[in-house]
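Undergrad: quick one, fold the following:
(one chain, ligands or ions: 1)
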Amino acid sequence: MLKTIRGTVLAMFLGLAAFGAASAPAQAPATQTVTPNPGTPAPSAAAPVVAAKPGDIVHLAPTPGIGMPTDHIGLQPQVTPIGQEAEWFHNKILNRMMAIISAFVLILLIWVMLRFNARANPTPSKTHHNTFIEIIWTLFPVLILVGIAVPSIRLLAHQYSPPKADLTVKAIGNQWYWTYQYPDNGDFEVVSNMLKEKGEATGKEKPRTDADGPRLLAVDERMVVPTGAVVKVITTSNDVIHSWAVPAFWVKMDAVPGRLNETWFKAPDKPGVYFGQCSELCGARHAFMPIAVEVVAPAQFAQWVAFKGGTMPGPKGAKTPDATAGSPAIEGKPASGAVPTDTPVAGTGAKPATDSQPAVAQN
Ligand SMILES: [Cu+2]
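TA: Next comes the predicted model:
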């Protein structure tokens, strides 16, 4: 009797499992077919600017392995001075120290297990308290930490003492795309949406090509900056917390609604394209709001700015507006409400970031 009940239960269980296994593959494609058309479409992706007609802006194709994830273990190749300093600190100091300490502890453990197990050492020593060895094992880690602290604090100091900015860009996070405002250049704005793959782009949407960048990283409108420029990036958000991050620049800064955060990078001296992603979980399409920064020669930057309807600040060689100062760094926009210098950002967060606000240094 019991046997039959057990048999029936087992048969039911196996049957259910088989049903589950059979139905699972049938369901999987259904969920996959949803993904090509997910979420809310971001507002009007501007027309693609990849060399449509003569005189148009020609965008750079990225270099494989630079400014994007690689197959290697480790950091992306760093292209800014801060990034290179951090890369050196990580690879040459931290990793080596970690390997040495791990090996040392492992050797000690193996030695203790072999030498002092009950069989090898039947009458254990009753020794305790050895002042000399206690001083050693206190002092030695302290010296290691001090040794790490010196390059670590030096790196922090370099990160937090930016040189005078040549250009300010405001990166605004939105669910789920980025907008970039150029307050030094007539305050124009570009909307940056991820490019969809070939089979997924609908209507007038331009599908991604390899010239745009890798899958899930390529965007229709890149943030463009001139070579060698010190770029101040002010981050904020229109909805939830995002984070603007470009690994090859060693830059990551939260974009918080109702607040202006600030970071900076020195653009490489050679043109190139560098990719990043939103790095703060911000909702369903968090993984689909990549960041692409294109570094171009200053002449091409000016061309791009003009193409976008912006202006360059003053004639060549003229004093560029001091974007590092706490006052508004908005050129050619004098009467946007005569904002006092220390105006805090509207804390309510209703629509905090769409107006060009003073570049208030926050941290
Ligand atoms: Cu985000």
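Undergrad: ok, the residue minimising distance to the centre of the chain - contacts?
TA: With distances taken as Cα atoms, centre = their mean, residue 245 lies nearest the centre of the chain, 1.9 Å away. Residue 245 makes contact with 251-253, 276-279, 291, according to Cβ atoms under 8 Å, 6 or more residues apart in numbering. Using the backbone N, CA and C atoms, a C-beta is placed for each residue, glycine as well.
Undergrad: and residue 192, by the same measure?
TA: 177-180, 219-223, 291-292.
Undergrad: out of the contacts of residue 245, list just those in strands.
TA: 251-253, 276-277, 291 (DSSP state E).
Undergrad: for those, which single residue is the most surrounded?
TA: residue 291 (27 neighbours; other Cβ atoms under 10 Å).
Undergrad: against which helices or strands is the host helix or strand of residue 224 packed?
TA: Assessed by DSSP states H and E, residue 224 sits inside strand 223-226. Helices and strands touching strand 223-226, as assessed by 3 or more Cβ pairs under 8 Å, 6 or more residues apart in numbering; DSSP states H and E, comprise strand 167-174, strand 290-296, helix 298-307.
Undergrad: measure residue 136 to residue 96 for me?
TA: Distance of residue 136 to residue 96, computed by Cβ to Cβ, to the nearest Å: 21 Å.
Undergrad: tell me what the residue nearest to the centre of the chain is bridged to.
TA: As for beta bridges, residue 245 partners with residue 252 under DSSP bridges.
Undergrad: can you pull the contacts of the closest residue to residue 60 other than its chain neighbours?
TA: Among residues not flanking residue 60 along the chain, residue 273 sits closest, at 5.3 Å (Cβ to Cβ, 6 or more residues apart in numbering). Residue 273 sits next to 60-63, 67, 213, 222, 292-295 when contact means Cβ under 8 Å, 6+ apart.
Undergrad: what does residue 273 show for phi and psi?
TA: Phi and psi for residue 273, reported as degrees, to the nearest 10, are phi -120, psi 130.
Undergrad: distance of it from the ion?
TA: In this view, residue 273 and the ion are 20 Å apart by Cβ to the ion, to the nearest Å.
Undergrad: cool, and residue 181?
TA: The gap separating residue 181 from the ion is 17 Å, by Cβ to the ion.
Undergrad: now for the ones in strands among the contacts of residue 245, which pair is the farthest apart?
TA: Farthest apart among the ones in strands among the contacts of residue 245 by Cβ to Cβ are 253 and 277. That separation is 13.3 Å.
Undergrad: any idea how many residues pack against the residue of the stretch 101-250 of the chain found nearest the ion?
TA: The stretch 101-250 of the chain approaches the ion most closely through residue 242 (3.3 Å), counting by Cβ to the ion. Residue 242 has 32 neighbours, counted by other Cβ under 10 Å.
Undergrad: next: residue 179.
TA: For residue 179, the neighbour count with other Cβ under 10 Å is 21.
Undergrad: that one against residue 169, yeah?
TA: No: judged on Cβ atoms under 8 Å, residue 179 makes no contact with residue 169 at a distance of 10.5 Å.
Undergrad: okay, strands next: where are they in the stretch 101-250 of the chain?
TA: Using DSSP state E, counting those that start in this stretch, the strands of the stretch 101-250 of the chain run over 167-174, 177-182, 188-192, 223-226, 230-237, 242-246.
Undergrad: could you dump those into JSON lines and include mean pLDDT?
TA: Below are those laid out as JSON lines (pLDDT from 0 to 100):
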{"stretch": "strand 167-174", "mean pLDDT": "96"}
{"stretch": "strand 177-182", "mean pLDDT": "96"}
{"stretch": "strand 188-192", "mean pLDDT": "95"}
{"stretch": "strand 223-226", "mean pLDDT": "96"}
{"stretch": "strand 230-237", "mean pLDDT": "97"}
{"stretch": "strand 242-246", "mean pLDDT": "97"}
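Undergrad: out of the ones you listed, the one nearest residue 264 is which?
TA: strand 230-237 (5.0 Å).
Undergrad: may I have the closest one as PDB, with CA atoms only?
TA: Only the C-alpha atoms of strand 230-237 are listed here, as PDB (Å, rounded to 0.1, in the frame of the first residue of the first chain):
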ATOM      1  CA  VAL A 230      40.600  68.800 -19.400                       C
ATOM      2  CA  VAL A 231      36.900  68.000 -19.400                       C
ATOM      3  CA  LYS A 232      34.800  68.700 -16.300                       C
ATOM      4  CA  VAL A 233      31.800  66.400 -16.200                       C
ATOM      5  CA  ILE A 234      28.900  67.500 -14.200                       C
ATOM      6  CA  THR A 235      26.500  64.700 -13.600                       C
ATOM      7  CA  THR A 236      22.900  64.800 -12.500                       C
ATOM      8  CA  SER A 237      19.700  63.000 -13.300                       C
END
